[in-house]
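Chemist: Have a look; sequence and predicted model below, questions after that.
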Amino acid sequence: TQAKTELSPEILLYYLACSQDVPNPFQQRLTMSQRALSSIHSQLHGLEREAIPQFPAAERNLVSVQGTLNTTESNFHQLVALLNCRGLHKDYVDAVKGLCYDGMEGLLFLLLFSLLSALAFTTAVCSLPRAWERFHSRDTAYEDAEDDDPFTPQARSPPPRSSLRLSAPPISNAPVSQYM
């Protein structure tokens with residue numbers, strides 16, 4: 001890992017193991033930073049106590065520095081929380097479990113349904129010639145049927161155009177009531 005990512009093995013071990021036996025590799029630097037922030041905070045508090053009575057115009061600047069120091073301390077506490085191994089270790093364990101269980105289950109379902117799809121496709125391709133023969137023999141069975149049978153496909157086909165004659169309706173002088 002050190003050759004590929006320039007990450008020391010201690011850091012990797014800390015985040016992968018996340019146990020009480022493995023020390024935090026950042027602990028020394030975090031402790032030094034916390035002490036420095038506390039020192040700055042106490043010095044600023046002392047400066048406010050002694051300098052403001054003598055230099056009242058400096059109060060605005062000291063309040064600004066105090067706000068910046070408070071923001072820095074807040075960011076430092078967020079950094080300490082982010083560097084803790086518990087959150088990252090939990091994400092790592094969840095990812096490995098998800099890959100092992102859910103990923104394998106998904107892969108098995110994918111293989112199963114691929115096999116079923118291939119089987120269905122093969123069945124369709126193999127049964128197509130037989131079905132085609134049945135459809136063809138079904139059409140030839142109607143050839144020896146009677147011509148005047150209205151249910152045969154030949155009877156349902158439209159007559160040729162030459163046999164169609166348009167004729168006018170018969171004209172009658174009968175009153176409309178007789179038609180009713």
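Modeler: It's in.

Chemist: need the helices for this structure, in chain order.
Modeler: Along the chain, counting by DSSP state H, helices occupy 2-5, 9-17, 27-54, 59-83, 85-97, 104-141, 153-156, 176-179.

Chemist: In terms of mean pLDDT, which of the ones you listed ranks lowest?
Modeler: If you rank those by mean pLDDT, helix 153-156 sits at the bottom with a mean of 53.

Chemist: re earlier: mind putting the helices of the chain into CSV with mean neighbour count?
Modeler: From N, CA and C alone the C-beta is placed, and that goes for glycine too. Formatted as CSV, the helices of the chain follow (neighbours: other CB atoms under 10 Å):
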stretch, mean neighbour count
helix 2-5, 8
helix 9-17, 15
helix 27-54, 12
helix 59-83, 12
helix 85-97, 13
helix 104-141, 10
helix 153-156, 11
helix 176-179, 6
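
Chemist: mind checking how far Ala118 is from Leu99?
Modeler: 27 Å (CB to CB, to the nearest Å).

Chemist: for Leu111, same thing?
Modeler: 17 Å.

Chemist: for Leu7, same thing?
Modeler: Distance of Leu7 to Leu99, given as CB to CB: 21 Å.

Chemist: just Glu73 next, same as before
Modeler: As for Glu73, its distance to Leu99 is 39 Å (criterion: CB to CB).

Chemist: How about Phe121?
Modeler: Taken as CB to CB, the span from Phe121 to Leu99 is 31 Å.

Chemist: Kindly report the same for Ser39.
Modeler: Counting by CB to CB, the gap from Ser39 to Leu99 is 46 Å.
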